[in-house]
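Participant: Whatever this is, show me its structure:
(chains A and B)
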Amino acid sequence: MKGMTIIVKTITRWVKLFIFLFGIYVTLTGHLSPGGGFAGGVILACSFILLTLAYGKEYALSRLSLKTAKSLDSIGALIFLLTALIGMWVTNVFFDNVLQKLFPGTDFMLYSSGFIPLYNIGICLKVGAPLFVTFIVMAAMRIRINDKGEREIIQEEEEE
Amino acid sequence: MFITEIYLLVLLVFMIIAAIIAVEIKSLISSVISLGAVGVGMSISFLFLAAPDLAIVQIAVEVLLLIFLIRATLGREIVSEKGAVTIPLRLLSIFIVLVILGFGIIAFRNLPEFGKPVFSLVPEAPSNSYIQHGLKETGSANIITAVILDYRGYDTLGEATVLFTSLLGALVILRAKTKKNGTKVINHKETKARGGE
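Facilitator: The predicted structure is shown next:
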């Protein structure tokens, strides 16, 4: 049987969704309360790492494949850059928060600070996906020295 | 101002020469040491440009990198010197520790009072302006988010680039297609068929 014992599996089944939701909450309210994209992304990655530890990596990869995670990483970077470029397009200043200047929301509400929630979402993807990918890569691909002294890379078959 | 520019020019020439030596020299360890010289020059030039925090980061990263690279180029052997610890040596080390302690106490005297941040002593510090006008200018109630994503957006972009590059590096090193230098890639199923790991 892959993964850990039935106790860990049952607790993981109950808890995983709450961890995931908490990560999303921390990301989306990053401009209102302590937290933000970095912390939220790490929490999201933690929920998938918990799945990997409890159920084995086939299960985790069936939920979020390596290819999707890589794409999410790139999408996060693109969200961040394109949002910064919008400011350049409108007022010729890179990283200008034009949305806040043109359509300011009510302070202390979810829609307040213009582009900052978007930046947070981009950073969340940018931090969470690489953490998951790095964990999987470190856990799934191992280098060992065989009897003849050659380096071997042991690797799961990756569906592209 | 003029003197600072001359200093910077000398440092730049020094760094360029050290970088050329680091690229061209045959011996690996000399190359690593030249690279360290480039880093020290960079750190001192940051100091001249009135960016002390960057200088601290640069020197810390450079020291760490130098240790890593020397460890990697020296191979597995660690050269250790063995000898009896004599009483004068021990006294000398105690003396050095006491001197460092003395400097630490002097530095603590100069720190502001507990609970009073440093920027409250300097009225024109940028932190004061962030705290006073942060909510009005960015609309973000969390002032830290306002600083890292609005006032200091370039830094965050740089951090995101570092993350992206590190992921690329990990994937390139551990990907399947490294068949050079006698490296074999084995699939997991094959390993299982051969009787596990």
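Participant: in chain A, which ranges drop under the pLDDT threshold?
Facilitator: A:1-2, A:139-160 (pLDDT under 70).
Participant: what do you get if the cut-off is 90, keeping everything else the same?
Facilitator: A:1-5, A:30-39, A:49-67, A:69-70, A:83-84, A:86-116, A:127, A:130-160 (pLDDT under 90).
Participant: Doesn't A:Phe95 belong to a helix?
Facilitator: No. Per DSSP: H, G, I helix; E, B strand; the rest coil, A:Phe95 lies outside any helix segment and is coil.
Participant: what about the helices in chain A?
Facilitator: Using DSSP state H, the helices found in chain A span residues A:6-28, A:37-55, A:57-63, A:66-91, A:98-102, A:116-140.
Participant: List the buried residues in the first one.
Facilitator: Applying a neighbour-count criterion of 16 or more other CB atoms under 10 Å in any protein chain shown, one finds A:12, A:16, A:19-20, A:22-23, A:26-28 buried in helix A:6-28. Heads up, the C-betas are built off the backbone N, CA and C, glycines and all.
Participant: Could you find the two of the residues you listed that are most distant from each other?
Facilitator: The span of the buried residues of helix A:6-28, defined through CB to CB, is set by A:Thr12 and A:Leu28 at 24.1 Å.
Participant: can you list the buried residues of helix A:6-28 in a markdown table and add distance to A:Leu51?
Facilitator: Shown next, in a markdown table, are those (distance: CB to CB, whole Å):
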| residue | distance to A:Leu51 |
| --- | --- |
| A:Thr12 | 7 |
| A:Lys16 | 6 |
| A:Ile19 | 10 |
| A:Phe20 | 10 |
| A:Phe22 | 15 |
| A:Gly23 | 13 |
| A:Val26 | 19 |
| A:Thr27 | 19 |
| A:Leu28 | 22 |
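Participant: Among the residues you listed, which one sits closest to A:Phe103?
Facilitator: The closest of the buried residues of helix A:6-28, once distances to A:Phe103 are taken by CB to CB, is A:Leu28, at 18.6 Å.
Participant: Now do the same contact list for that closest one.
Facilitator: A:Leu28 makes contact with A:40, A:110, A:117, A:120-121, according to CB atoms under 8 Å, 6 or more residues apart in numbering or on different chains.
Participant: which residues touch A:Val15?
Facilitator: A:Leu50.
Participant: distance of it from chain B?
Facilitator: A:Val15 sits at a distance of 27 Å from chain B (criterion: CB to the nearest CB, to the nearest Å).
Participant: Centre-most residue in chain B?
Facilitator: Nearest to the mean C-alpha position of chain B, by CA atoms, centre = their mean, lies B:Val61 at 1.7 Å.
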